[in-house]
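*Asks:* Sequence unavailable; structure follows:
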């Protein structure tokens, strides 16, 4: 198989894949969408919220904020040795804002300085002059197959049967750059193949 990158930006990557089967191309596409781990807020505890939005709506908005992070630094919570979250599987973020104005993603303060919102100016809500919101959130690693908030990318391809070439477009919707998403997807496919081979040998 051969890969030729045709265009690349901070959020989008296009490349040509040749010498592969349609089954492999589709497996790669599905893996980029649903298997590449990303970071998203899972639990939110509110101390104060007198904004115009219910707690549930604020929590949903927080859950959809993509975060930049080092995937190798954290375990999946359900695979961690702890019971309720620890530094190995959980990033705690604190929000405490008062007064008139927009509350944005960069107002969230994470315990890990390497964790940042992919889009710092993402609006969460608006506070009035006497407004106050205070909360603590926990972000964990997850996959798009479990919930859309962990989806790493939108990925699609067109197929030219005559020259056996797949034209991929990968658009990051997470805190990972598109090249990293592709690399992680390939690693995930390799892991799945290895697990399948082990299962066949043990059968």
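*Replies:* Alright, I've got the coordinates. The structure displayed is predicted, hence computed values, not measured ones.
*Asks:* partners of residue 41 in the sheet?
*Replies:* Taking DSSP bridges, one obtains residue 139 as the residues bridged to residue 41.
*Asks:* Test my guess that it contacts residue 142.
*Replies:* No. Using C-beta atoms under 8 Å, residue 41 is not in contact with residue 142, being 10.4 Å away. Heads up, the C-betas are built off the backbone N, CA and C, glycines and all.
*Asks:* list residues touching both of the two?
*Replies:* Contact criterion C-beta atoms under 8 Å, 6 or more residues apart in numbering; residues shared by residue 41 and residue 142: residue 149.
*Asks:* Pull the contacting residues for the residue most central in space within the chain.
*Replies:* For the chain, the residue nearest the mean C-alpha position is residue 38 (3.1 Å; C-alpha atoms, centre = their mean). Contact partners of residue 38, counting by C-beta under 8 Å, 6+ apart, are 66-67, 71, 141-144, 150-152, 174-176.
*Asks:* Kindly recompute the last result at 7 Å.
*Replies:* 66, 142, 150, 152, 174, 175, 176 (C-beta atoms under 7 Å, 6 or more residues apart in numbering).
*Asks:* What is the burial count for the residue nearest to it when sequence neighbours are not counted?
*Replies:* Take residue 38 and drop its neighbours on the chain: the residue closest to it by C-beta to C-beta, 6 or more residues apart in numbering is residue 174, 4.2 Å away. Neighbour count for residue 174, taken as other C-beta atoms under 10 Å: 25.
*Asks:* Need phi/psi at residue 174.
*Replies:* When read as degrees, to the nearest 10, the backbone of residue 174 gives phi -130, psi -170.
*Asks:* quick one: it and residue 53, what's the gap?
*Replies:* From residue 174 across to residue 53, the span is 24 Å (C-beta to C-beta, to the nearest Å).
*Asks:* Show me the one in the contacts of residue 38 that has more neighbours than the rest.
*Replies:* Ranked by the number of neighbours (other C-beta under 10 Å), the contacts of residue 38 place residue 152 first, at 29 neighbours.
*Asks:* Distance check, that one against residue 73.
*Replies:* 16 Å.
*Asks:* How about residue 54?
*Replies:* 33 Å.
*Asks:* higher neighbour count, these two?
*Replies:* Counted by other C-beta under 10 Å, residue 54 and residue 73 do not tie: residue 73 has more neighbours, with 14 against 10.
*Asks:* Give me the distance between stretch 108-124 and the centre of its chain.
*Replies:* From the chain centre to the centre of stretch 108-124 is a distance of 13 Å (C-alpha atoms, centre = their mean, to the nearest Å).
*Asks:* Done for today, thanks.
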